[in-house]
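1. coords below, sequence missing:
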């Protein structure tokens, strides 16, 4: 994790005291929410670009959202990156934030939105030159969903929301469960059919090997795991590989990136370079698979071994939200996708969540509260970009209306348009940015446009 | 209190199970919210007229909102009157709902709005013929504020909000504290200067009499109190008289009404008939004042005596909300108004609330969450009517924009336009209704307009 803000030049770290419960008057606890500020380009009256933090350390968001820095100069904007409660260093009860429902029970999107509303009102009331500043909320992925919802729920505070690759539809249950893994498959297929076919073989081979002691020993060696592979952790190997392919397919940028560690340019191509022969022996396939996922986890060769206790989103917060409000139906059939067949079983998920957190997922909750992707009506000043080379694409807000501007980006990866502009960006990404920029120029206060010239 | 729904023809009583806390996942308690339905005029696809209950029994709202019944036929609408949590028979913890902050702490406007969102979604999902129905929310007074906020917070559920006499500005701290009692005074002055001058004398006379045993005995006799007037309840007599004048000034309808008991037509005139001589003796003034407030409390002559333990809004719910979010600055100077001079002292209110409920009023909270009256921007499909012969007028949403239609009603009393049309209604009220009706006709689904012809 990147936890050192000094990597991000001129960002300062701040804390703001928030109520743990914004909606009732029983719980009087407060906590310190962390946020980052960049004000080097700000001029009085310029807009506030406010990033609605999501499921990770806020510095990671800041690093992935270079466009805010690029545009800060032009718009004379103040940049704010606000960390989401129960993530990063914004833990309401420190290390015990997930102990017991009376502690973790205040992790929800609506509470996070209320944090952002309170913080932005505080900033406008207290930071010099911001009283008349337009508040423009930004976000990508889950953060993008939050940005959209900020505009929906706090129209009097938020002038405009700009969301990139925000899969509202997936989490609102509006997309068939098979879509997502089909889309992951499509990204690999677009590189080569053999690559996708190789990956489809992986799961059966894994199962076969996992049934013998020799096989498990081979797997431990082939995947360089820190622990022996056993019956009780083999499912973690499955999940880890699956998540690796999902993640690689999201982050198929045309240049080297650094999100969860360094990733080469065109990582799907890099991974598929190891998986071009889908007819190799089982052992060779496993070794090749290891090299393929190493593209994601060990591009720089620094990782000594892979822990089977660790997964990418190994944070309690996301696990809890996936059990309360962010319920995404996912299934695979192994035919139209390259994964092992697995149906979507809501009851199973519900029972699991009840056991783990004492909560019963309500799959209609999110849509009822926020309207979903297809029901985003009677709102305005929302810009949504959907990157088509991103498996999350199908869950995006795909249909615009007079209040919602939808921009499709043909060759963009997940959240592509919000990254620092790069010479290797596809023309579709560059064009999308210029459209967003034009809407922003039209929307921020006319006075400022005069100042901007 | 009118608690017998049989007084309201064809209304049926229903209950819906709501979560006590909609925004977190710790509190798993539920309660039964009461609501009334009128479906005799409903046709498939017709709109749902949904009344957002406020600080009283829901039947009272239904009785005061005859216009919904009048228009139900024309619009083929389903009528729903939803009771506000912690009021009427919708007590989350029965008689102990206000015992301890972990019980009363879930009384808030936002929780009530979430109740309405959940209930309306439930109705649309389960009631035959309502799937495509437009949801039109109604409300007057605090209910009107809730109706506006329903449209602000749940634009995907609510097609249009129609709010009458909704004093958002008063409770958002946007109006000088002296305005309200000046406006009450103006209503009495408009009847006669002498009347307002008489009332202005009342407070000093009360104070003088309260300083002697004889005086207090006289007051008990003059006001026909059930208890002896003593040093420890004299302030209730003050408050009771003050509230009486406030209430009479709100309800100055041109025909007999029945809200908290029967009230004659033009009650301000009736009250002032007893107070035309501001130079009468102190004892005569007290007797005359008694007759004046009896217009409100004893129009039918059935009240045996007045209890000094009782005030109009003697409900714990309102007291709590006035300490948490509905903080209305009120003051009087005795010069521009007819009341005893009393400054607005926020700290005093805050200390009182802390002692009583363990909460510390935040006067900026409401405006931050909902935008206030002047900051109602970036929303649409809101119709607001402001009745000018209503002391709440100055706190209304007075400035419209392209999304907010504001209609001023010159001679309307509090919530006048939402009452059953009456031959004695001023032309301004009738005209306002026809404007609202036109907007509604334009807004409800075009298909329905075809059906309506």
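-> Sure thing, it's come through. Everything numeric here is computed off the predicted structure, so don't read it as measured data.

2. the helices in the stretch 51-200 of chain A, which residues?
-> Taking DSSP state H, counting those that start in this stretch as the test, the helices found in the stretch 51-200 of chain A are A:58-64, A:66-75, A:101-104, A:109-126, A:142-153, A:168-171, A:179-191, A:193-210.

3. Need those helices in CSV (columns: mean neighbour count, distance to chain B and mean pLDDT).
-> C-beta coordinates here come from the backbone N, C-alpha and C atoms, glycine included. Output for these, formatted as CSV (neighbours: other Cβ atoms under 10 Å in any protein chain shown; distance: least, Cβ to the nearest Cβ, whole Å; pLDDT from 0 to 100):
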stretch, mean neighbour count, distance to chain B, mean pLDDT
helix A:58-64, 24, 23, 95
helix A:66-75, 18, 20, 95
helix A:101-104, 19, 5, 94
helix A:109-126, 20, 5, 97
helix A:142-153, 27, 6, 98
helix A:168-171, 26, 11, 97
helix A:179-191, 22, 22, 97
helix A:193-210, 19, 34, 96
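
4. so what's residue A:64 up against?
-> Applying Cβ atoms under 8 Å, 6 or more residues apart in numbering or on different chains to residue A:64 gives the contacts A:140, A:259, A:415, A:418, A:419.

5. hmm, which two among the residues you listed are most spread apart?
-> Using Cβ to Cβ, the pair of those lying farthest apart is A:259 and A:418, separated by 12.7 Å.

6. Show me which of those two is the more surrounded one.
-> Remark: of residue A:259 and residue A:418, residue A:418 carries more neighbours, 29 against 19, as counted by other Cβ atoms under 10 Å in any protein chain shown.

7. Using the record's domain definitions, break chain A down for me.
-> Chain A is divided into the following domains under the TED database: A:12-173+A:367-448, A:178-357.

8. Out of those domains, which is the most enclosed?
-> Most buried of those, by mean neighbour count (mean count of other Cβ atoms under 10 Å in any protein chain shown): domain A:12-173+A:367-448, with a mean of 21.

9. Do a quick rundown of the strands in chain A.
-> A:12-19, A:30-38, A:48-52, A:78-82, A:135-140, A:160-164, A:257-258, A:262-263, A:382-387, A:404-409 (DSSP state E).

10. For residue B:176, find the nearest of those strands.
-> strand A:135-140 (28.0 Å).

11. what angle separates the closest one from strand A:78-82?
-> 50 degrees (axes from the mean of the first three to the mean of the last three Cα atoms, to 10 degrees).

12. List the contacts of strand A:135-140.
-> A:47-52, A:54, A:61, A:64-65, A:68, A:77, A:116, A:120, A:124, A:145-148, A:150-151, A:157-166, A:414-415, A:418, A:440, A:443-444.

13. for stretch A:361-368, same thing?
-> Stretch A:361-368 is touched from outside by A:109, A:171-174, A:323-327, A:329, A:346, A:349-350, A:353, A:372, A:375, B:117-118, B:121, B:157, with contacts defined as Cβ under 8 Å, 6+ apart.

14. Likewise for stretch A:268-279?
-> A:187-188, A:190-192, A:194-195, A:197-201, A:245, A:248-249, A:252, A:264, A:285, A:288-289, A:291-293, A:295-296.

15. before we move on, what about stretch A:396-413?
-> A:148, A:163, A:165-169, A:250-253, A:373-374, A:376-390, A:416-417, A:426, A:428-429, A:432, A:435-436, A:439.

16. so what's the residue in the stretch 351-453 of chain A positioned nearest to chain B closest to, chain neighbours aside?
-> Nearest to chain B, among the residues of the stretch 351-453 of chain A, is residue A:371, at 2.9 Å (Cβ to the nearest Cβ). Spatially, and ignoring its direct neighbours in sequence, residue A:371 is nearest to residue B:156 (2.9 Å; Cβ to Cβ, 6 or more residues apart in numbering or on different chains).

17. and the one you found, what pLDDT?
-> Looking at residue B:156, its pLDDT reads 95.

18. again with residue A:3
-> Listed pLDDT for residue A:3 reads 42.

19. and the most centrally placed residue in chain A, what is it in contact with?
-> Nearest to the mean C-alpha position of chain A, counting by Cα atoms, centre = their mean, stands residue A:141 at 4.0 Å. Residue A:141 makes contacts with A:54, A:164, A:165, A:166, A:167, A:392, A:414, A:415, as judged by Cβ under 8 Å, 6+ apart.

20. Let's have those residues in a markdown table, adding distance to residue A:210 and pLDDT.
-> Output for the contacts of residue A:141, formatted as a markdown table (distance: Cβ to Cβ, whole Å; pLDDT from 0 to 100):
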| residue | distance to residue A:210 | pLDDT |
| --- | --- | --- |
| A:54 | 34 | 97 |
| A:164 | 39 | 98 |
| A:165 | 35 | 97 |
| A:166 | 37 | 97 |
| A:167 | 32 | 97 |
| A:392 | 30 | 97 |
| A:414 | 31 | 97 |
| A:415 | 35 | 97 |
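
21. Roughly how far does the nearest residue to residue A:227 once chain neighbours are set aside sit from chain B?
-> Ranked by Cβ to Cβ, 6+ apart and with sequence neighbours excluded, the top spatial neighbour of residue A:227 is residue A:308, at 5.3 Å. From residue A:308 across to chain B, the span is 30 Å (Cβ to the nearest Cβ, to the nearest Å).

22. what sits against the residue nearest to residue A:371?
-> A:152, A:370, A:371, A:372, A:375, A:376, A:377, A:378, A:379.

23. Quick check: helices, which of those residues are part of them?
-> A:152, A:370 (DSSP state H).

24. isn't residue A:391 right up against residue A:249?
-> Yes - Residue A:391 lies in contact with residue A:249 (Cβ atoms under 8 Å); the separation is 5.2 Å.

25. intersection of neighbour lists for these two?
-> By Cβ under 8 Å, 6+ apart, residue A:391 and residue A:249 have these common neighbours: A:183, A:184, A:187.

26. who touches the first one in this structure?
-> Residue A:183 is in contact with A:249, A:391, A:392, A:393, A:394, counting by Cβ under 8 Å, 6+ apart.

27. wait, doesn't the fourth one sit right on residue A:373?
-> The reference is to residue A:393. No - using Cβ under 8 Å, residue A:393 makes no contact with residue A:373, being 11.6 Å away.

28. Can you tell me which of the contacts of residue B:156 is nearest residue B:216?
-> residue A:152 (58.1 Å).

29. Could you measure from that closest one over to residue B:151?
-> 12 Å (Cβ to Cβ, to the nearest Å).

30. likewise residue A:365?
-> Taken as Cβ to Cβ, the span from residue A:365 to residue B:151 is 21 Å.

31. repeat for residue A:91
-> Taking Cβ to Cβ, one finds residue A:91 at 36 Å from residue B:151.

32. Equivalent analysis for residue A:291, please.
-> On the measure of Cβ to Cβ, residue A:291 and residue B:151 end up 56 Å apart.

33. cool, residue A:15 as well?
-> 35 Å.

34. Please apply the same query to residue A:68.
-> Taking Cβ to Cβ, one finds residue A:68 at 32 Å from residue B:151.

35. same check, this time on residue A:322
-> Residue A:322 is 31 Å from residue B:151, by Cβ to Cβ.

36. low-scoring pLDDT stretches of chain A, where are they?
-> Along chain A, the parts satisfying pLDDT under 70 run over A:1-8, A:310-314, A:445-453.

37. Tell me what residue A:19 is bridged to.
-> Assessed by DSSP bridges, residue A:19 has beta-bridge partners residue A:30.
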